[in-house]
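Chemist: From the sequence below, what's the structure:
(2 chains)
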2 protein chains.
Amino acid sequence: MKIVALAGGVGGAKLVDGLTQILPPEDLTVIVNTGDDFHHWGLKICPDLDTVCYTVAGLANPETGWGRNNESWNVISEISRLNGVDWFKIGDHDLATHIERTERLASGRRLSEIVYDFCQSWGIKITILPMSDDAVSTIVNTSEYGEMAFQEYFVHQRCNPKVKGFKFVGVEFSRPATGVMEAINKADALILCPSNPWVSLDPILSVPGILAAVKSRKIVTGVSPIVGGAAIKGPAAKMFSELNIEPSAFAVAQHYEGIISHFVLDLIDHDLERSISNLGMKTTTVNTVMKTQEDRRQLAADVLNFIQRAA
Amino acid sequence: MKIVALAGGVGGAKLVDGLTQILPPEDLTVIVNTGDDFHHWGLKICPDLDTVCYTVAGLANPETGWGRNNESWNVISEISRLNGVDWFKIGDHDLATHIERTERLASGRRLSEIVYDFCQSWGIKITILPMSDDAVSTIVNTSEYGEMAFQEYFVHQRCNPKVKGFKFVGVEFSRPATGVMEAINKADALILCPSNPWVSLDPILSVPGILAAVKSRKIVTGVSPIVGGAAIKGPAAKMFSELNIEPSAFAVAQHYEGIISHFVLDLIDHDLERSISNLGMKTTTVNTVMKTQEDRRQLAADVLNFIQRAA
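Modeler: Alright, predicted model coming up:
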């Protein structure tokens, strides 16, 4: 069974990691958000791609979910000493990824080729694709400060500004990266990982062609990133609230109405199953909180079982 | 007594370090070669400037003379893992200098301003100036491979190719960096450090205006980088030979004929004093080999005494 997962950062990466423990590598393709990519220290940084790759390769920092394990911080501590910009925390091992990617982009190579090569170097056997080889920039519209670049909002301002909406600059001219459309069109089922709907999955679905291809698949399974009204990690629940939507697994399902056919929500939210069913989706309730490695594998198994029952 | 030293990399840096131990910091200005600056990993790298700064700040690697002490190599080892270019050895602490410099240059700041700021951060009290804020690229003309960028010759090919000559691309359009002409014109004496005449000091002297200003000073003291017919470090002696000049302190003095008034050579080369005197230079023989910190201070003291006797 060919599975395509759409993923953002930490939450998506964890479920993908679980899927890699069950599926043969040739059956799993992950399409990763690049809307929060940006330039910093003159380097092209792709936070979600790196989080997914590091996680799958076993190189991720288990404490933070992002960045590298056994990391050292010598470069950034010297940058601080020189009064440089140090609010975006880049560790030494992680930095090599950005330097080498930036070099290869400058030499004219496509991001998807570079990700392919890096995956080879890191021993990753599944297929990881950026949503696009073209630059797309997520802009957060905030009440107090107007429009902000995503990482400025997310990291520098720690998600404090109140959001009014989002914009994916350049997305209308972007094309799905090589392999993206083929993977979706051949997939037996799609999984929308428990990633932020607004700033992780919406950018992917906004790349021209991707939404229509996703909708054309029979089984498209969402997994709620909101559990008991709160986000496991990150600002998803806060964003729903600030957009005057009560944050809940139901709100997530509603966000994807017309796109997904199946929805996985946490046991704790079982009372929402009826209203989600009323949106025309099949539902299942399982433990969706991934604290341990085994939690990742178990949620992946539950999602795959749900899909198999549907197939 | 205001002293201006012209310096390249390791040898120059050592004598400058000795001078800082004797002179009040406001009396010492160092003008550093930037002809071997280049771009690598997308970053602007200034090897001689960094060597001089790190040495004076007490941050230099005492084993190699270049790079940082207590250095770690996590970034480059990850670059290697990604099959990136790893022949130019950049340590993690050193890398921060290149990243921050490149960022500031990209934001429109001049190299000399950046060096000033970095010196403040590193606690350097003497004045260190790049020869120019404009890019100058040393090209080595070789018998086997034709023209090569300097670092390609120097580091990647380990000085193996036979040299036929040198070219400082862009030097005719370069201007002395802010402060350079003023420092030379106010100097009571100039010191040409024991650096490579061909690729460390000639580039400085080739920046329009500098040679004439140097020649206008009454006391210009060269210090031989060739001792007993061999270079202390680097390819200076090999270059002389390949250009059909017998490498010696005499050859160095001859190279600077018409520019320097005084010449410091090693005790071991005392038999060359007469022929150097015949070039119209005053000479002194002292120990010029700087193995220890005390050697640096002693050579600086000897050079300054020689200058003081001349003044």
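Chemist: drop to CA atoms for contacts and neighbour counts, all remaining ones
Modeler: Fine.
Chemist: Okay, domains of chain A per the record?
Modeler: A:3-136+A:171-310, A:137-169 (automatic domain parsing).
Chemist: Now do the contacts for A:F250.
Modeler: Contacts for A:F250 (C-alpha atoms under 8 Å, 6 or more residues apart in numbering or on different chains) come out as A:272, A:275-276.
Chemist: Try it again at 10 Å.
Modeler: The contact partners of A:F250, by C-alpha atoms under 10 Å, 6 or more residues apart in numbering or on different chains, come to A:224, A:226, A:229, A:256, A:263, A:265, A:269, A:271-277, A:279.
Chemist: Three-state assignment for A:T29, please.
Modeler: Here A:T29 is strand, with the state taken from DSSP: H, G, I helix; E, B strand; the rest coil.
Chemist: How about A:I204?
Modeler: helix.
Chemist: Can you tell me how far it is from chain B?
Modeler: For A:I204, the distance to chain B equals 27 Å [C-alpha to the nearest C-alpha, to the nearest Å].
Chemist: So for A:G42, what's the nearest residue that isn't a sequence neighbour?
Modeler: B:E103 (6.3 Å; C-alpha to C-alpha, 6 or more residues apart in numbering or on different chains).
Chemist: typo on my end, it should be A:A149
Modeler: Of all residues beyond its chain neighbours, the one nearest A:A149 is A:I139 (4.8 Å), with distances taken as C-alpha to C-alpha, 6+ apart.
Chemist: mind listing what whichever strand or helix holds the one you found pairs with, with the direction of each?
Modeler: Of the helices and strands defined by DSSP states H and E, A:I139 is found in strand A:137-142. Strands adjacent to strand A:137-142 in the sheet, as given by DSSP bridges, are strand A:146-149 (antiparallel), strand A:163-169 (antiparallel).
Chemist: Buried residues, it. List them.
Modeler: A:137-142 (16 or more other C-alpha atoms under 10 Å in any protein chain shown).
Chemist: just stretch A:218-229 next, same as before
Modeler: A:218-227, A:229.
Chemist: Among the residues you listed, which one sits closest to B:P194?
Modeler: Proximity of these to B:P194, judged by C-alpha to C-alpha, is greatest for A:P225, which lies at 65.4 Å.
Chemist: So the closest residue to chain B within the stretch 151-300 of chain A: helix, strand or coil?
Modeler: Per C-alpha to the nearest C-alpha, the residue of the stretch 151-300 of chain A with the smallest distance to chain B is A:E152, at 17.7 Å. For A:E152, the reduced secondary structure class is helix; criterion used: three-state DSSP.
Chemist: I'd say it and A:S137 touch.
Modeler: No: with contact defined as C-alpha atoms under 10 Å, A:E152 does not reach A:S137; the gap is 11.9 Å.
Chemist: Quick check: helices, which of the buried residues of stretch A:218-229 are part of them?
Modeler: Using DSSP state H, no member of the buried residues of stretch A:218-229 falls within helices.
Chemist: Name the nearest residue to A:E294, sequence neighbours excluded.
Modeler: A:G18 (7.9 Å).
Chemist: quick one: contacts for that neighbour?
Modeler: A:G18 neighbours (C-alpha under 10 Å, 6+ apart): A:12, A:56, A:290, A:293-301.
Chemist: Neighbour-wise, which one of those leads?
Modeler: Per-residue neighbour counts (other C-alpha atoms under 10 Å in any protein chain shown) across the contacts of A:G18 peak at A:G12, which has 29 neighbours.
Chemist: who touches that residue in this structure?
Modeler: Applying C-alpha under 10 Å, 6+ apart, we find A:G12 in contact with A:5-6, A:18, A:30, A:32, A:48, A:51-52, A:55, A:191-196, A:200-201, A:223, A:225.
Chemist: repeat for A:G280
Modeler: Per C-alpha under 10 Å, 6+ apart, neighbours of A:G280: A:257-258, A:260-262.
Chemist: Can you name the residues bridging to the residue nearest to A:A149?
Modeler: Beta-bridge partners, per DSSP bridges, of A:I139: A:A149, A:K167.
Chemist: Check whether it really touches A:Y153, as I assumed.
Modeler: Yes: contact criterion C-alpha under 10 Å: A:I139 and A:Y153 qualify, at 8.8 Å.
Chemist: Can you work out which residues contact both of those two?
Modeler: With C-alpha under 10 Å, 6+ apart as the test, A:I139 and A:Y153 both reach A:E147.
Chemist: circling back to that earlier point, could you dump the buried residues of stretch A:218-229 into CSV and include pLDDT?
Modeler: Shown next, in CSV, are these (pLDDT from 0 to 100):
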residue, pLDDT
A:K218, 95
A:I219, 98
A:V220, 98
A:T221, 98
A:G222, 98
A:V223, 98
A:S224, 97
A:P225, 97
A:I226, 97
A:V227, 97
A:G229, 93
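Chemist: can you give me the strands for chain A?
Modeler: For chain A, applying DSSP state E gives strands covering A:3-7, A:28-32, A:38-40, A:43-45, A:127-130, A:137-142, A:146-149, A:163-169, A:189-192, A:220-223, A:226-227, A:230-231, A:262-266, A:282-286.
Chemist: mean pLDDT lowest for which of those strands?
Modeler: For the strands of chain A, the weakest mean pLDDT is recorded on strand A:230-231, namely a mean of 90.
Chemist: elements contacting it?
Modeler: Counting contacts by 3 or more C-alpha pairs under 10 Å, 6 or more residues apart in numbering or on different chains; DSSP states H and E, strand A:230-231 packs against helix A:236-242.
Chemist: From A:I45, how far out is A:D94?
Modeler: 10 Å (C-alpha to C-alpha, to the nearest Å).
Chemist: more neighbours, those two?
Modeler: A direct count of neighbours by other C-alpha under 10 Å for A:D94 and A:I45 places A:D94 higher, at 26 against 23.
Chemist: Can you name the residue of the stretch 101-250 of chain A nearest chain B?
Modeler: Across the stretch 101-250 of chain A, no residue is closer to chain B than A:S121, which sits at 5.7 Å (C-alpha to the nearest C-alpha).
Chemist: how many other residues sit next to that residue?
Modeler: A:S121 has 15 nearby residues by other C-alpha under 10 Å.
Chemist: what do you get for the one 5 residues further on?
Modeler: A:I126 is flanked by 22 other residues according to other C-alpha under 10 Å.
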